[in-house]
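Chemist: My questions concern the predicted model and sequence given below.
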Amino acid sequence: MKSVDDRQENLWQAKRALRGRMKDLRARARGGDGAIAANFFSLPETAGKERFFVYMSFGTEADTMPVIEGLFARGKSVLLPRVEGRDMRAVPYEKGAPLRAGAYGIQEPLGPPAAAAPQVVVLPLLAADERGGRLGYGGGYYDRYLAGMSEKTPLKVGYCYDFQVVEDACAGLLDVPLDVIVTDKRVIRVRR
């Protein structure tokens, strides 16, 4: 019988291998960012929502600027992440406001964190599965942020290319599951 430590080590190794494979695939096979945004805006689950926490895309991630611009055009409140030590904050962002490079080189907003919690969170990922499992980058920022919310849990949307949807995203016990996944080819409802 495997020990808990052996299972954790196996999960860690599987996550590491999947992260490497997805980073390589994403670097070679990009495209369809506009289709991902169109699928996002087709979600009836976002109707009537006003506060959207959207990651600022970086490198080969699915480009979130079409969503951010679309939210501004619809008069919605956009929050962007800012890393502070081991924590992440949702900070209001106004169109054209200055950004600065954060700890990982990702553009982050200035100013105080949002007073009200987001109603929709758009999460970055390397891989996701149809059960709502999400493989992030390993820092746990979004998982800690979502686990620490005292208000009603927001709609959690995975935002990615369709090839990033895999059989098993190697989600662990502390990984907060997604509610919906939007890709350039489809919408996957995993909860609600």
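Modeler: Ah, there it is. Numbering: from 1, shown residues only.
Chemist: From here on, just use CA atoms for contacts and neighbour counts.
Modeler: OK.
Chemist: Let me see the ranges of the helices in the protein.
Modeler: 4-28, 33-41, 65-73, 141-147 (DSSP state H).
Chemist: So which bits of the third one are buried?
Modeler: Right, the one you point to is helix 65-73. Met65, Val67, Ile68, Leu71 (16 or more other C-alpha atoms under 10 Å).
Chemist: Just name the closest of these to Phe40, please.
Modeler: Val67 (7.7 Å; C-alpha to C-alpha).
Chemist: what residues are up against the residue nearest the centre of the chain?
Modeler: Against the mean C-alpha coordinate of the chain, by C-alpha atoms, centre = their mean, the closest residue is Leu123 at 0.9 Å. Contact analysis of Leu123 by C-alpha atoms under 8 Å, 6 or more residues apart in numbering lists Val54, Tyr55, Tyr142, Lys156, Val157, Gly158, Tyr159.
Chemist: could you measure the last one against Asp143, distance?
Modeler: Looking back up the chat, that one is Tyr159. Using C-alpha to C-alpha, to the nearest Å, Tyr159 is found at 16 Å from Asp143.
Chemist: Tell me which of those two has more neighbours.
Modeler: For the pair Tyr159 and Asp143, the greater number of neighbours falls to Tyr159 (31 against 16), based on other C-alpha atoms under 10 Å.
Chemist: what bridges to the more buried one?
Modeler: Val182 (DSSP bridges).
Chemist: you'd agree it is up against Ile181?
Modeler: Yes - counting by C-alpha atoms under 8 Å, Tyr159 does reach Ile181; the two are 6.0 Å apart.
Chemist: Who wins on neighbours among the contacts of Leu123?
Modeler: Tyr159 (31 neighbours).
Chemist: Now for Glu94, how many residues are close by?
Modeler: Counted with other C-alpha under 10 Å, residues neighbouring Glu94 total 13.
Chemist: Check what pLDDT Gly70 gets.
Modeler: Per-residue confidence at Gly70 stands at 97 (pLDDT).
Chemist: before we move on, what about the one 10 residues further on?
Modeler: Confidence per residue is given as pLDDT, and for Leu80 that number is 98.
Chemist: With the one 3 residues further on instead?
Modeler: According to the prediction, Val83 has pLDDT 95.
Chemist: Setting aside sequence neighbours, what's the nearest residue to it?
Modeler: Once flanking residues are discounted, Val83 sits nearest to Arg89: 6.4 Å by C-alpha to C-alpha, 6 or more residues apart in numbering.
Chemist: Look at the one you found and say how many residues are nearby.
Modeler: Neighbours of Arg89 (other C-alpha under 10 Å): 18.
Chemist: Renumber starting at 494 from here on
Modeler: Yes, from this point I'll number from 494; that puts the last item at Arg582.
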